[in-house]
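**Student:** Sequence first, predicted coordinates after that:
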Amino acid sequence: MPHNFTIPKSHPRYFSLVQREKLVDGFKKGIVAAEGLIAQGRGEAFDYILGEKTLKPAMEAGKAAAAFLLLAKRPVISVNGNAAALSAKEIVKLAKVVGAKIEVNLFYRTEKRKKKNKGLANFSWRR
């Protein structure tokens, strides 16, 4: 973690705090946009309101997405800066398993962010 402190795994918000630190680090490196930090915070608020539980429709949507990736003739996984900062290795692993290409989709695109995301965990720009 970038700061000089550790978050005890017993902390009730451990996972959330680790994600936040990864996003802040990604922001400092130019991978995550400032707007991405705001979007993550908004999502965290909804998680809190929903009781920190993944709802059944969300689980079903995840399964449907996995099925579409497996059935697609030319699957593509499109990720934003937040996803790249939080889960780059996992996304690359998923792409290999399902034979998908990875597209880094930067809504707030700058040359700096484009270059930073291109080098992240073997991501390619519209590979």
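**Tutor:** Now that the structure is in, tell me what you want to look at. Predicted model only: the values in this text are computed from it and were never measured.

**Student:** So which residues of this structure form strands?
**Tutor:** Along the chain, counting by DSSP state E, strands occupy 76-79, 101-104.

**Student:** Most tightly packed of those?
**Tutor:** strand 101-104 (a mean of 19; mean count of other CB atoms under 10 Å). All C-beta atoms are positioned from the backbone trio N, CA, C, and that covers glycine.

**Student:** Return the residues in contact with the residue nearest the centre of the chain.
**Tutor:** Nearest to the geometric centre of the chain sits Ala83, at 1.6 Å (CA atoms, centre = their mean). Taking CB atoms under 8 Å, 6 or more residues apart in numbering as the contact definition, Ala83 lies against Ile91.

**Student:** is it true that Asn82 touches Ala34?
**Tutor:** No - counting by CB atoms under 8 Å, Asn82 stays clear of Ala34, with 11.5 Å between them.

**Student:** if you count what's nearby, which of those two comes out ahead?
**Tutor:** Asn82 (22 against 9; other CB atoms under 10 Å).

**Student:** what comes into contact with stretch 40-60?
**Tutor:** Ser16, Gln19, Arg20, Leu23, Asn82.

**Student:** Please repeat the previous calculation with a cut-off of 7 Å.
**Tutor:** Contact with stretch 40-60 is made by Ser16, Leu23, Asn82, as judged by CB atoms under 7 Å, 6 or more residues apart in numbering.

**Student:** So for it, mean pLDDT?
**Tutor:** For stretch 40-60, mean pLDDT rounds to 79.

**Student:** Figure out how far that stretch is from the centre of its chain.
**Tutor:** 15 Å (CA atoms, centre = their mean, to the nearest Å).

**Student:** tell me which residues in it are buried?
**Tutor:** Gln40 (16 or more other CB atoms under 10 Å).

**Student:** Endpoint to endpoint, that stretch covers what distance?
**Tutor:** Taking CA to CA, to the nearest Å, stretch 40-60 runs 22 Å from one end to the other.

**Student:** Distance from the lengthiest helix in the chain to the middle of the chain?
**Tutor:** Taking DSSP state H as the criterion, the chain has its longest helix at helix 81-98. The chain centre lies 7 Å from the centre of helix 81-98; the measure is CA atoms, centre = their mean.
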